[in-house]
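Student: only geometry, no sequence info:
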């Protein structure tokens with residue numbers, strides 16, 4: 001059987017993250033420029049090979065000053081490392097709707113294995129005849145494990161930025177003809 005190729009529909013996909021600020025509330029950020037490619041042997045995606053890349057310069061937290069700080073050498077160092085990357089190592093089907101996607105996430109010069117929970121929304125044709133597949137992904141990483149160590153102590157105890165980063169994505173793939 002030949003491989004089936006899929007790419008992200010960027011107008012119906014989003015990549016986001018949440019980080020606890022001052023130990024009280026979450027700040028949400030997104031990457032506006034990214035690419036997702038998948039290759040499958042079957043349309044149930046149990047054999048999927050997935051790759052993802054996001055442009056660090058496209059980070060958006062709704063605050064220009066904070067975005068600039070995240071792009072600086074204190075965090076992502078966008079000039080030296082313009083993108084973060086993910087390459088899958090396995091996709092395990094748990095049931096008809098749930099998978100676990102394992103792979104290597106590279107941020108800067110550090111690569112670590114991560115696991116993401118994947119909810120498969122199904123496959124459907126859009127009004128123009130394009131075959132689409134939908135997914136919701138979630139996971140969590142420790143930013144310090146990727147060399148993102150900047151922080152500031154709070155006067156009342158605790159730190160400004162949590163180590164844990166919650167990852168979330170809504171991905172709509174379109175089958176490549």
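Tutor: Yep, it's here. Since this is a predicted model, take the numbers as computed values, not measurements.
Student: use CA for all of it now, contacts and neighbours both
Tutor: OK.
Student: for this structure, what spans make up the strands?
Tutor: 4-8, 14-21, 25-31, 34-40, 49-55, 59-60, 83-93, 98-107, 110-125, 131-142, 161-175 (DSSP state E).
Student: how about those in CSV, adding mean neighbour count, distance to residue 72 and mean pLDDT?
Tutor: Listed next are the strands of the chain as CSV, based on neighbours: other C-alpha atoms under 10 Å; distance: least, C-alpha to C-alpha, whole Å; pLDDT from 0 to 100:
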stretch, mean neighbour count, distance to residue 72, mean pLDDT
strand 4-8, 20, 28, 95
strand 14-21, 18, 17, 92
strand 25-31, 16, 15, 93
strand 34-40, 18, 19, 95
strand 49-55, 19, 14, 96
strand 59-60, 20, 12, 96
strand 83-93, 19, 13, 95
strand 98-107, 20, 14, 96
strand 110-125, 16, 17, 96
strand 131-142, 18, 19, 96
strand 161-175, 20, 16, 93
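Student: Of these, which is nearest residue 149?
Tutor: Minimum separation from residue 149 across those (C-alpha to C-alpha) falls at strand 161-175, 8.1 Å.
Student: Can you tell me what sits against that closest one?
Tutor: Residues outside strand 161-175 that contact it (C-alpha atoms under 8 Å, 6 or more residues apart in numbering) are 4-10, 12-23, 130-144, 151-152.
Student: and what of stretch 65-82?
Tutor: Contacting residues not belonging to stretch 65-82 are listed as 55-57, 59-61, 107-109, 148-150 [C-alpha under 8 Å, 6+ apart].
Student: Just the buried residues of it, please?
Tutor: Residues 67, 70-71, 75-78, 81-82 are the ones in stretch 65-82 that count as buried (16 or more other C-alpha atoms under 10 Å).
Student: For it, what is the spacing between the initial and final residues?
Tutor: Terminal residues of stretch 65-82 are spaced 18 Å apart (C-alpha to C-alpha, to the nearest Å).
Student: ditto for stretch 42-61
Tutor: 37 Å.
Student: what separates that stretch from the chain centre, distance-wise?
Tutor: Relative to its parent chain, stretch 42-61 has a centroid offset of 6 Å by C-alpha atoms, centre = their mean, to the nearest Å.
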